[in-house]
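Undergrad: Structural data only, the sequence is not supplied:
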């Protein structure tokens, strides 16, 4: 049973245990190098395969047309992730995995499975149908889910809830759809070159309309279901092993099912595509959008609820929990710092906001008994990061709080609840060490 102090220690306190030197294969640069090499090789192979199927001219046309929805989708997922923005390296990995590794797995596995079924049944037409409606959803969603799993396992600090799962899954699927669109659009352009079609009646225009204009969110929508499963697993306590396995699997099965329905829409008659689009895709997209927006508002409420504990301790200003729990106030704080102190100051305020949000989520998980073994270390790291940026961030957040809404005096910290934090030694200063045992029991997130 691990016990942590009931209030944060002062900055500059004990540094903790001596660093442990990992083996060479555990070093960060080795893992990064292996991952970058894997993705680069996958990218070169997928580039050669797509170019072989589309030709150089078709590849360039497909590339130029497929890039249109990518900035919009990435911006949409970044907007969803504004409360606690994840690091860009996770998003770059997810996009690269989807565009390179997952696309390569899908092309090779789908082709092999379809060819094997055609040889076994001597019916190429049925093999193509089975490959599109059964094989492709299983292979493609599994390949994309691998990226979400890797971030969930190896970037656990950055994967704390539903929004994180949605963003990682959505960016992965955006990369996958980008490569797939190059293939489809390039192939359509090659067909038009052979038939002499051009303009709005061409196969390229029809493919662009269906894949880029009407359904750019199709692949992200499927994989987001997997991400939601991982997000719920991240919210579960670590000791609930069955739930943490079943929830992602359920999300993956739902993603495969939705993908299969979408791929089989052409078999439902002349207007099957539009029927599936209206009956399944639009409602699912609206429901998932509502879920993500609701989750984002819930995260902001968590920030406003958990951070007053650190205000009482003197780590945060009196109005900071409100300002940090309002997207408008956060934006005003960054603008204020940028206008008065420059871009570096605005970036420091943005980092301050992100660290404070992570601190609120960490405390929320601890209060609900879901804190990890590194609770104390992580809390101290986040507090130190806030302390280093306080001189720039506090005036900016105070201005933002005044500009958005007047606040009443903060209520006194309850006598019973999640731990006890000692009062500050001076305004906005670090908390003083208690000279006697605290009158309230300290919260232990690891107590069974």
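TA: Yes, it's here. None of the values given here were measured: they were computed from a predicted structure. Numbering: from 1, shown residues only.

Undergrad: top helix in this structure by residue count?
TA: Criterion DSSP state H: the longest helix present in the chain is helix 28-66.

Undergrad: Skip ahead from that one and say which helix or strand is next.
TA: Proceeding C-terminally, helix 28-66 gives way to helix 69-80 as the next helix or strand, assigned by DSSP states H and E.

Undergrad: Which neighbouring elements make contact with the longest helix of the chain?
TA: Secondary-structure packing of helix 28-66 (3 or more C-beta pairs under 8 Å, 6 or more residues apart in numbering; DSSP states H and E): helix 88-96, helix 103-121, helix 162-195, helix 203-208. Yep, even glycine has a C-beta here, placed from its N, CA and C like the rest.

Undergrad: Can you report how many residues neighbour residue 82?
TA: 16 (other C-beta atoms under 10 Å).

Undergrad: Without its sequence neighbours, what residue ends up closest to it?
TA: Excluding the flanking residues, the one nearest residue 82 by C-beta to C-beta, 6 or more residues apart in numbering is residue 327, at 6.5 Å.

Undergrad: My guess is that neighbour contacts residue 300. True?
TA: Yes. Contact criterion C-beta atoms under 8 Å: residue 327 and residue 300 qualify, at 7.1 Å.

Undergrad: which stretches of this structure have low pLDDT?
TA: 1-26, 237-238, 269-270, 406-448 (pLDDT under 70).

Undergrad: Now do the contacts for residue 97.
TA: Counting by C-beta atoms under 8 Å, 6 or more residues apart in numbering, residue 97 touches 39, 144, 146, 147, 150, 172, 175.

Undergrad: most surrounded residue in those residues?
TA: Compared across the contacts of residue 97, residue 172 has the highest neighbour count, 34 neighbours, by other C-beta under 10 Å.

Undergrad: Could you report the distance from residue 117 to residue 265?
TA: According to C-beta to C-beta, to the nearest Å, residue 117 and residue 265 sit 21 Å apart.

Undergrad: ah, wrong one, I meant residue 344
TA: 51 Å.

Undergrad: and what of residue 271?
TA: 10 Å.

Undergrad: For those two, work out which one has more neighbours and name it.
TA: The residue with more neighbours, out of residue 271 and residue 265, is residue 265; 19 against 11, by other C-beta under 10 Å.

Undergrad: Compute the inter-axis angle for the longest helix of the chain and helix 103-121.
TA: 70 degrees (axes from the mean of the first three to the mean of the last three C-alpha atoms, to 10 degrees).

Undergrad: Check which residues of helix 28-66 are buried.
TA: 35, 39, 42-43, 45-46, 49-51, 54-55, 58-59, 61-63, 65-66 (16 or more other C-beta atoms under 10 Å).

Undergrad: Verify the assumption that residue 160 is located in a strand.
TA: No. Secondary structure assignment places residue 160 outside any strand; it is coil (DSSP: H, G, I helix; E, B strand; the rest coil).

Undergrad: hmm, back to that, got any residues that touch both of residue 327 and residue 300?
TA: Here residue 327 and residue 300 have residue 83 as joint contacts, going by C-beta under 8 Å, 6+ apart.

Undergrad: Which one's more surrounded, the two?
TA: Neighbours around residue 327 and residue 300, counted as other C-beta under 10 Å, are more numerous at residue 300. The numbers are 17 against 14.

Undergrad: distance of the more buried one from residue 162?
TA: Applying C-beta to C-beta to residue 300 and residue 162 gives a distance of 14 Å.

Undergrad: what does residue 294 give?
TA: 9 Å.

Undergrad: Comparing these two, which residue is more hemmed in?
TA: More neighbours surround residue 162 than the other of residue 294 and residue 162, with 23 against 11 (other C-beta under 10 Å).

Undergrad: The spatially closest residue to that one that is not a sequence neighbour: neighbouring residues, count only.
TA: Leaving aside its sequence neighbours, residue 162 sits nearest to residue 231 (C-beta to C-beta, 6+ apart; 3.5 Å). Residue 231: 29 surrounding residues under other C-beta under 10 Å.

Undergrad: And residue 165, by the same measure?
TA: 31.

Undergrad: check contacts around it.
TA: Residue 165 neighbours (C-beta under 8 Å, 6+ apart): 148, 152, 159, 224, 226, 227, 228, 229, 230, 231, 232, 234.

Undergrad: repeat that for 6 Å
TA: By C-beta atoms under 6 Å, 6 or more residues apart in numbering, the contact list for residue 165 reads 227, 228, 230, 231.

Undergrad: Identify the residues contacting the last one.
TA: Meaning residue 231. Contacts of residue 231 (C-beta under 6 Å, 6+ apart): 161, 162, 165.

Undergrad: Just read off the phi/psi values of the first one.
TA: In this entry, residue 161 is assigned phi and psi values of phi -170, psi -170 (degrees, to the nearest 10).

Undergrad: residues in contact with it?
TA: By C-beta under 6 Å, 6+ apart, the contact set of residue 161 is 231, 234, 235.

Undergrad: which residues sit in contact with the second one?
TA: Translated: residue 234. The contact partners of residue 234, by C-beta under 6 Å, 6+ apart, come to 159, 160, 161.

Undergrad: Reformat the residues you listed as CSV; add distance to residue 281.
TA: Formatted as CSV, the contacts of residue 234 follow (distance: C-beta to C-beta, whole Å):
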residue, distance to residue 281
159, 27
160, 29
161, 25
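
Undergrad: still on that earlier bit, may I see the contacts of residue 231 organised as TSV, with distance to residue 88 added?
TA: Formatted as TSV, the contacts of residue 231 follow (distance: C-beta to C-beta, whole Å):
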residue	distance to residue 88
161	19
162	20
165	18
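
Undergrad: I'd assumed residue 148 was in contact with residue 168.
TA: Yes. The criterion here is C-beta atoms under 6 Å, and residue 168 meets it with residue 148 at 5.3 Å.

Undergrad: quick one, the helix or strand residue 137 falls within and helix 162-195 angle?
TA: Here residue 137, judged by DSSP H and E, is contained in helix 136-154. Put simply, helix 136-154 runs at 140 degrees to helix 162-195, going by the same axes, to 10 degrees.
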